[in-house]
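# Okay, sequence plus prediction incoming.
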2 protein chains.
Amino acid sequence: MSDDVTDDVTDDQVSLRRDARRNRAALVAAAEVEFALEGPDVPLDAVVRRAGVGRGTLYRHFAGRVDLAVAIYERHITEHEAFVAEHEDEPDLVFRLLERMAEVQAHARGVAMVLARESDGEARIQHLIARIIAMFETTLARGREAGIVSPDMSASDLMLVLSMLEGALVGVPLDDARDVARRVVEIVTPALRSVPTPA
Amino acid sequence: MSDDVTDDVTDDQVSLRRDARRNRAALVAAAEVEFALEGPDVPLDAVVRRAGVGRGTLYRHFAGRVDLAVAIYERHITEHEAFVAEHEDEPDLVFRLLERMAEVQAHARGVAMVLARESDGEARIQHLIARIIAMFETTLARGREAGIVSPDMSASDLMLVLSMLEGALVGVPLDDARDVARRVVEIVTPALRSVPTPA
């Protein structure tokens, strides 16, 4: 983590920035839990309480619910990117990435719903969707080179799989969500696997 | 079609019943088109206008929007059952049933949303879900006997596939819905196919 500290900045300013970053992260983490447990309509007061900050702090960082949802989504994608970077030489990475995304989606209920209900929800996450597509393209290419991923599956097919996953999770109790998400991945995996053609 | 006519019933009564059935069918067909074109919130006046009946006729047959959605869903299931009955000897029937359901779901947008938003929406279609599960069980069993359907796929997996399909169709323009639905079926089909085990 870089602190962007220059010699002109006092220790107090550094400490303030650190606090701000910590508060923002606490709010994102709290919002993720509250959306998952209470759904997309959870009062933001519950988020503030769980984060242990004041309501003013919330509005210093986020205009509201949608901003929080975008921030949660962005954090997940950053984590997925770190995972991809760490394992980039492994040919089966696309399968593992999909499992990982499914698991995160199973826990992060409500986030997709907050975004889906906004008329500009999709526009707000276009830059994040581009990052997901880039990950799919990289990992699909790796798997295809190794001959273990079907050439018929594209990054946009995998985006479709994420929508399918979201549909499968609608109305599923949080306790069952992980099992349902895993089953969805099992159901789509054979299509992703390369079928050896007869010589 | 049985008319349930007995000798005690006058010709006028028969004719009234026929009119009532015709009006009801026209309302269900009109609601299907309006939900698909205008979404789940379409004013019921538009349904009445398209059906060419009066508003009183609507409320003689249906308590409201949810009743209409249930009736549309039921009509689809009745049609799928007729299809299954007609082709019951064909071992690949489960694949064709799934394709058929996907195509109908792609056209019948809005119906699922009307039901999903009602707190008792799922309860209202429990009897219809039981009929879908019965079709899946019959057709899966036929395919398994013939050795072309994987023993790992259950009727509840196929119910999950219907939810996945619904998720894939969220936000997709009506013109693209059929292509998206077909792609979903292509993506789940390999899991449904029996993989020959090496002897």
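Sure thing, it's come through. Numbering: from 1, shown residues only, chains lettered A, B, ... in the order given.

# The residue in chain A that chain B sits nearest to sits in which helix or strand?
With CB to the nearest CB, the shortest gap between chain A and chain B falls at residue A:167, namely 1.6 Å. For every residue, glycine as well, the C-beta is placed using N, CA and C. If you go by DSSP states H and E, residue A:167 is part of helix A:155-169.

# Check which helices and strands that helix sits against.
Helix A:155-169 sits against helix A:93-107, helix A:126-145, helix A:174-192, helix B:155-169, helix B:174-192, with contacts defined as 3 or more CB pairs under 8 Å, 6 or more residues apart in numbering or on different chains; DSSP states H and E.

# that older thread, could I get the pLDDT score of the residue of chain A closest to chain B?
Per-residue pLDDT puts residue A:167 at 91.

# For it, give me its contacts.
By CB atoms under 8 Å, 6 or more residues apart in numbering or on different chains, the contact set of residue A:167 is B:163, B:164, B:165, B:166, B:167, B:168, B:169, B:170.

# Pop the domain breakdown of chain A in here.
Domains of chain A are assigned by automatic domain parsing as A:10-62, A:64-199.

# Take the ones you listed and lay them out in CSV including distance to residue B:36.
Below are the domains of chain A laid out as CSV (distance: least, CB to CB, whole Å):
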stretch, distance to residue B:36
domain A:10-62, 26
domain A:64-199, 18
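
# Just the buried residues of the helix or strand hosting residue A:18, please?
Element membership for residue A:18 (DSSP H and E) is helix A:11-38. Under the neighbour-count criterion of 16 or more other CB atoms under 10 Å in any protein chain shown, helix A:11-38 has A:23, A:24, A:26, A:27, A:28, A:30, A:31, A:32, A:33, A:34, A:35, A:36 buried.

# near chain B too, which of those residues?
Among these, no residue lies close to chain B (CB under 8 Å from any CB of the partner chain).

# For my notes, please list the residues you listed in a markdown table and give pLDDT for each entry.
Listed next are these as a markdown table, based on pLDDT from 0 to 100:
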| residue | pLDDT |
| --- | --- |
| A:23 | 94 |
| A:24 | 95 |
| A:26 | 96 |
| A:27 | 96 |
| A:28 | 96 |
| A:30 | 96 |
| A:31 | 96 |
| A:32 | 94 |
| A:33 | 93 |
| A:34 | 94 |
| A:35 | 92 |
| A:36 | 88 |
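
# Among those, which one lies nearest to residue B:55?
residue A:35 (40.7 Å; CB to CB).

# So that closest one is in contact with residue A:114, correct?
Yes - the criterion here is CB atoms under 8 Å, and residue A:35 meets it with residue A:114 at 6.7 Å.

# Show me whatever sits in contact with both of the two.
The contact sets of residue A:35 and residue A:114 overlap at residue A:69 (CB under 8 Å, 6+ apart).

# Filter the contacts of residue A:167 down to the buried ones.
Counted by 16+ other CB under 10 Å, those give B:163, B:164, B:165, B:166, B:167, B:168, B:169 as buried.

# Give the closest residue to the residue sitting nearest the centre point of chain A in space, chain neighbours not counted.
For chain A, the residue nearest the mean C-alpha position is residue A:76 (3.1 Å; CA atoms, centre = their mean). Here the nearest residue to residue A:76 in space, its sequence neighbours aside, is residue A:104; by CB to CB, 6 or more residues apart in numbering or on different chains that works out to 5.2 Å.

# residues contacting the closest residue to residue A:105 other than its chain neighbours?
Nearest non-adjacent residue to residue A:105, counting by CB to CB, 6+ apart: residue A:165, 5.6 Å away. By CB under 8 Å, 6+ apart, the contact list for residue A:165 reads A:101, A:102, A:105, A:181, A:184, A:185, B:164, B:167.

# how about 10 Å then?
Residue A:165 is in contact with A:98, A:101-102, A:105-106, A:112, A:180-181, A:184-185, A:188, B:163-164, B:167-168, counting by CB atoms under 10 Å, 6 or more residues apart in numbering or on different chains.

# Type out the PyMOL command that picks the buried ones from the residues you listed.
Only the buried entries of the contacts of residue A:165 go into this PyMOL selection, using 16+ other CB under 10 Å:
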select buried, (chain A and resi 98+101+102+105+106+112+180+181+184+185+188) or (chain B and resi 163+164+167+168)
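
# out of the contacts of residue A:165, who's nearest residue B:194?
Closest approach to residue B:194 among the contacts of residue A:165 (CB to CB): residue A:188, at 17.5 Å.

# List the contacts of the closest one.
Residues near residue A:188 by CB under 10 Å, 6+ apart: A:98, A:102, A:153, A:157-158, A:160-161, A:164-165, B:161, B:164, B:184, B:187-188, B:190-191.

# which of those lies closest to residue A:143?
The closest of the contacts of residue A:188 to residue A:143 turns out to be residue A:153 (CB to CB; 9.2 Å).

# What separation is there between that closest one and residue A:89?
Per CB to CB, to the nearest Å, residue A:153 is found 21 Å from residue A:89.

# next one: residue A:138
Distance of residue A:138 to residue A:89, computed by CB to CB: 12 Å.

# Same question for residue A:75.
25 Å.

# same check, this time on residue A:9
39 Å.

# neighbour-wise, which of the two wins?
Set residue A:9 next to residue A:89 and count neighbours by other CB atoms under 10 Å in any protein chain shown: residue A:9 wins out with 13 against 7.

# returning to what we had before: now the residue nearest to the centre of chain A: which helix or strand?
Using DSSP H and E, residue A:76 sits in helix A:65-86.

# next helix or strand past the helix holding residue A:18?
Per DSSP H and E, the first helix or strand lying C-terminal to helix A:11-38 is helix A:44-51.

# Can you tell me what sits against that following helix?
Outside of helix A:44-51, the residues within contact range by CB under 10 Å, 6+ apart are A:22-35, A:37-38, A:42-43, A:53-59, A:62, A:64-65, A:68.
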